[in-house]
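1. My questions concern the predicted model and sequence given below.
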Amino acid sequence: MLKAKLGMSPIAWWNDDLPQLSDDVSLEECLRQSRSAGFTGMELGRRFPTDPAEMLPILKKADVTLCGGWFSGTLTVDDLAVNKDRIAPMIALFKAVGAPCIVYGEVGRSIQGDQSKPLAAKPVLSDDEMKAYARKLTQFGEWCADQGVPLAYHHHMGAVVQFAHELDAFMASSGEGIPLLLDAGHLAFAGGDVLAAIDRHHARISHVHTKDIRRSVVDALDWSRDSFLDAVIKGAFTVPGDGSLDFEAIVKRLADHGYEGWFVVEAEQDPKPNPPLTMAQIGHKELMRVMTAAGYEVVA
């Protein structure tokens, strides 16, 4: 039987890009709430200590493990050495606490964190630029794995790899040294076919974000005016079981290709109308339903 682990991202509690969309709770309370909902992993967030001697007792007390965390990569604009220096402390931390991977998100040239830039203004790489970028990411991924922590590449709205055709181009020119994080919500937001992407790239998928979308919100966006952050504020994202995507079909397709590992609920939204604990409970219930339907054993 295939094995799966269920984790969450603290972005439901504290949004780094939109502080106004944050629930004022401590790290310990965030972990307590997610664990009480049934999740056994948590991705890194801004309120985590950076010293493993401090972090490990907190994780142990909460009965959760660190299941990943975002690194703001800049390989579109900076060289390998700059990014190696910046990621080195994170690698040391993740090795010490036994985290499975670091999530690489490209912020160089990206508009994802700039509320003044509309969705239509996202950066576009030429074919040659994409090939060079993909080769660079492969080198970086291989180096990180050699240091003891692999990367997982996060395609993302507002970044250079957003659309399905951009993901295809990136995957075609990159190598096994840079595994893929599949994010259903980001791909669906960009108009992509999530099941087709799984079929094409399953061999490289090492981490999964089970982000859902509210289709009515996404379809109503004006790409010439609304930014990515505007979309978040309007409620574009939510947890499985509260949105529009068919996660039973998505999880079954991953199972068909033999994926095992983490399924992480990463759904940024306003915590006032969408209390994080309630959302965690909804997301966990839906994931348990679809995991069972797909034949997964959920393990701690």
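-> Great, that's in hand. Numbers count the residues shown, from 1 in each chain.
2. Could you use CA atoms for every contact and neighbour count after this?
-> OK.
3. Determine the set of other helices and strands touching whichever helix in the chain runs longest.
-> When the chain is parsed with DSSP state H, its longest helix is helix 127-147. Helices and strands touching helix 127-147, by 3 or more Cα pairs under 8 Å, 6 or more residues apart in numbering; DSSP states H and E, are helix 80-97, strand 151-154, helix 164-173.
4. Let me know which of the ones you listed is tucked in deepest.
-> Neighbour counts (mean count of other Cα atoms under 10 Å) averaged over each of the helices and strands packed on helix 127-147 peak at strand 151-154, with a mean of 27.
5. Direction included, what does that one pair against?
-> On the basis of DSSP bridges, the sheet neighbours of strand 151-154 come out as strand 102-106 (parallel), strand 180-183 (parallel).
6. Save these as a markdown table, and put in mean neighbour count, distance to residue 80 and mean pLDDT too.
-> Output for the strands paired with strand 151-154, formatted as a markdown table (neighbours: other Cα atoms under 10 Å; distance: least, Cα to Cα, whole Å; pLDDT from 0 to 100):
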| stretch | mean neighbour count | distance to residue 80 | mean pLDDT |
| --- | --- | --- | --- |
| strand 102-106 | 24 | 13 | 98 |
| strand 180-183 | 23 | 19 | 99 |
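7. do you know which of those lies nearest residue 149?
-> Among the strands paired with strand 151-154, the nearest to residue 149 by Cα to Cα is strand 102-106 (6.9 Å).
8. Now do that closest one against helix 80-97, angle only.
-> With axes from the mean of the first three to the mean of the last three Cα atoms, to 10 degrees as the basis, strand 102-106 and helix 80-97 are set at 150 degrees to each other.
9. can I have strand 102-106 written out in PDB, keeping just the CAs?
-> What follows is strand 102-106 as a C-alpha-only set of coordinates in PDB (Å, rounded to 0.1, in the frame of the first residue of the first chain):
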ATOM      1  CA  ILE A 102      13.500  22.800   0.800                       C
ATOM      2  CA  VAL A 103      10.900  24.400  -1.500                       C
ATOM      3  CA  TYR A 104      12.600  26.500  -4.100                       C
ATOM      4  CA  GLY A 105      10.400  29.500  -5.100                       C
ATOM      5  CA  GLU A 106      11.800  31.900  -7.700                       C
END
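10. List of residues touching it?
-> 68-76, 91, 94, 149-156, 159-160, 181 (Cα atoms under 8 Å, 6 or more residues apart in numbering).
11. Kindly report the same for stretch 70-77.
-> 44, 83, 87, 102-109, 133, 136-137.
12. Distance to residue 37 added to these, as a markdown table?
-> What follows is the contacts of stretch 70-77, written out as a markdown table (distance: Cα to Cα, whole Å):
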| residue | distance to residue 37 |
| --- | --- |
| 44 | 18 |
| 83 | 36 |
| 87 | 31 |
| 102 | 24 |
| 103 | 24 |
| 104 | 27 |
| 105 | 27 |
| 106 | 31 |
| 107 | 32 |
| 108 | 35 |
| 109 | 37 |
| 133 | 40 |
| 136 | 40 |
| 137 | 36 |
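13. I'd assumed residue 279 was in contact with residue 33.
-> No: applying Cα atoms under 8 Å as the test, residue 33 and residue 279 come out as separate, 10.4 Å apart.
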